[in-house]
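Novice: Provided below are the primary sequence and the corresponding predicted coordinates.
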Amino acid sequence: MAKKLHLFLFFLTFWTTLFAQQDSLFLSTDALWVDDLKSDEDAFLNQKVVSASRSLQDLKDLPFTIYVITKEEIQAKGYNTLVDALKWIPGIRVSQPGSGLEGETFMMRGLQGNTYAKILVNDIPMKPYATRGMPIGAQLPIREAERIEVIFGPAAAVYGADASAGVINIVTKQSDRPLYTQAEISLGSDAFSSLHVMFGGKLGQGEKILKYSVFGSNTSFNNRQIFGDREFLFNPLRYDPDSTYLKNPNYNENFNPTPHLSRMVGINLNYRNLNFSTLLMSRQDHSALGLNPTAVSYGNPNNYIRDNIVNGRFGWTPTWNKWGLRFNVDLLLYKKDG
């Protein structure tokens with residue numbers, strides 16, 4: 001009986017293997033063609049944006065010049081700062097590292113975007129009124145964004161006079177899943193490290209649902225790799241030996257190290273018609289960036305500028321059929337490290 005059972009199991013295994021091999025013969029492979037690499041134009045035009053009219057509308061139905069940076073593009077190209085994403089948009093010129101006061105800078109429609117473009121996170125203005133321009137580093141939630149909406153041209157009628165160049169709205173990710181998490185870590189040369197963590201979800205049932213998201217990041221590196229023109233700018237033979245330029249103690253052809261540090265923590269809560277959000281941002285750059293080396297020493301890493309921005313909003317958005325109202329109480333605190 002045992003021999004018959006062993007023989008039966010042997011034939012069963014043989015036929016199972018045979019059929020499995022026969023099935024594998026019919027598997028076809030898909031080739032990757034040029035069309036697979038092209039972006040879907042219909043999907044791009046069918047995107048919905050909220051920045052143009054402050055209500056969610058299709059991109060193709062709006063009479064504005066709008067560019068949308070999707071989360072897929074952010075992940076594929078590894079954007080870490082807002083200027084990283086903007087430099088790929090036609091008509092925008094950028095400067096990295098920019099300046100110590102404003103960090104990375106960009107030009108939009110011939111105007112400096114840090115000063116004349118309205119920068120929002122989930123429709124909340126980020127630029128402090130005490131500064132000339134919005135300081136930009138890696139402290140904005142770029143890796144945590146669902147999309148970045150860029151509107152070209154004046155939008156003063158909707159957003160005020162400080163939107164002369166355009167509007168940039170960073171919309172963070174939201175999900176209808178009960179729980180979702182996202183974590184990224186990047187390492188590179190010059191002690192570059194970048195950590196991004198995000199989790200959220202929803203609690204409750206029916207209309208009593210609380211949606212929440214918590215995210216944070218830390219980005220730092222110790223050297224921007226800035227080099228001077230030694231042949232012309234730093235050639236002592238081109239200057240008068242008695243000039244103040246050569247006698248200045250800050251005269252140093254070594255621009256390094258020029259470190260950077262950015263940190264960010266954010267919370268979003270939505271319950272029915274109530275919403276609360278807060279964003280804590282910190283950026284630290286070398287104070288000599290964008291300045292003449294005769295005035296500030298690039299070779300001293302202890303010369304730095306640190307900006308701390310705390311933003312908070314409590315809102316109530318009641319709706320009736322096709323009508324709705326929006327009431328917001330905003331808090332914006334800005335502090336520069338002494």
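Specialist: That came through, no problem.
Novice: which secondary structure element contains the closest residue to Tyr334 other than its chain neighbours?
Specialist: Distances taken as C-beta to C-beta, 6 or more residues apart in numbering place Pro128 nearest to Tyr334, at 3.5 Å, with adjacent residues excluded. C-beta here means a position set from N, CA and C on the backbone, and glycine is covered the same way. Assigned by DSSP states H and E, Pro128 belongs to no helix or strand.
Novice: Next, count neighbours for Pro128.
Specialist: Number of residues near Pro128 (other C-beta atoms under 10 Å) recorded here: 20.
Novice: Low-confidence bits of the stretch 101-250 of the chain, can you list those?
Specialist: Within the stretch 101-250 of the chain, the segments meeting pLDDT under 70 span 155-157, 227-236, 239, 241-250.
Novice: go again using 90 as the cut-off
Specialist: 109-110, 123, 128-132, 151-166, 173-180, 182, 189-190, 204-208, 223-250 (pLDDT under 90).
Novice: What segments of it are helices?
Specialist: Assigned by DSSP state H, counting those that start in this stretch, the stretch 101-250 of the chain shows helices spanning 113-116, 156-159, 244-247.
Novice: these two touch, right, the residue nearest to Tyr334 and Val310?
Specialist: No. Pro128 is beyond contact range of Val310, at 9.8 Å (criterion: C-beta atoms under 8 Å).
Novice: overlap in contacts of those two?
Specialist: 332, 334 (C-beta atoms under 8 Å, 6 or more residues apart in numbering).
Novice: check contacts around the residue nearest to Tyr334.
Specialist: By C-beta under 8 Å, 6+ apart, Pro128 lies in contact with 134, 309, 332, 334.
Novice: In those residues, find the pair that's most separated.
Specialist: Of all pairs drawn from the contacts of Pro128, the greatest distance, 11.7 Å, lies between Met134 and Leu332 (C-beta to C-beta).
Novice: When those two are compared, which one has more neighbours?
Specialist: Met134 (24 against 16).
Novice: Hmm, the more buried one is touching Val121, no?
Specialist: No. With contact defined as C-beta under 8 Å, Met134 does not reach Val121; the gap is 11.1 Å.
Novice: residue closest to the middle of the chain?
Specialist: Ile142 (1.6 Å; C-alpha atoms, centre = their mean).
Novice: Near the closest residue to that one other than its chain neighbours, how many other residues are there?
Specialist: Of all residues not flanking Ile142 in the chain, Tyr79 sits nearest, at 5.4 Å (C-beta to C-beta, 6+ apart). Number of residues near Tyr79 (other C-beta under 10 Å) recorded here: 21.
Novice: Show the contacting residues for Tyr79.
Specialist: 69, 73, 85, 142-143.
Novice: Name whatever forms a beta bridge with Ser217.
Specialist: Per DSSP bridges, the residues bridged to Ser217 are His196, Met264.
Novice: and it, how many neighbours?
Specialist: Other residues lying near Ser217 total 24 when counted by other C-beta under 10 Å.
Novice: isn't it right next to Leu195, touching?
Specialist: Yes. At 6.4 Å, Ser217 and Leu195 qualify as touching, with contact defined as C-beta under 8 Å.
Novice: re earlier: quick one: pLDDT of the residue nearest to Ile142?
Specialist: You'll see Tyr79 listed with a pLDDT of 93.
Novice: now Ser39
Specialist: At Ser39, pLDDT is 54.
Novice: Contacts only, for Arg224.
Specialist: 97, 190, 256, 258-260, 286.
Novice: Please tell me how far Arg224 sits from Gly290.
Specialist: Distance from Arg224 to Gly290, counting by C-beta to C-beta, to the nearest Å: 12 Å.
Novice: anything in contact with each of those two?
Specialist: Pro97.
Novice: Contact partners for Pro318?
Specialist: Pro318 touches 273, 324-325, counting by C-beta under 8 Å, 6+ apart.
Novice: Mind listing what's buried along whichever strand or helix holds Asn268?
Specialist: Assigned by DSSP H and E, Asn268 belongs to strand 260-271. Buried residues in strand 260-271, counting neighbours by 16 or more other C-beta atoms under 10 Å, are found at 260-270.
Novice: Please apply the same query to stretch 158-172.
Specialist: Going by neighbour count (16+ other C-beta under 10 Å), the buried part of stretch 158-172 is 159, 162-172.
Novice: now do the same end-to-end measure for that stretch.
Specialist: 21 Å (C-alpha to C-alpha, to the nearest Å).
Novice: Now find how far off-centre it is within its chain.
Specialist: Averaging C-alpha positions (C-alpha atoms, centre = their mean, to the nearest Å) puts stretch 158-172 16 Å from its chain's average.
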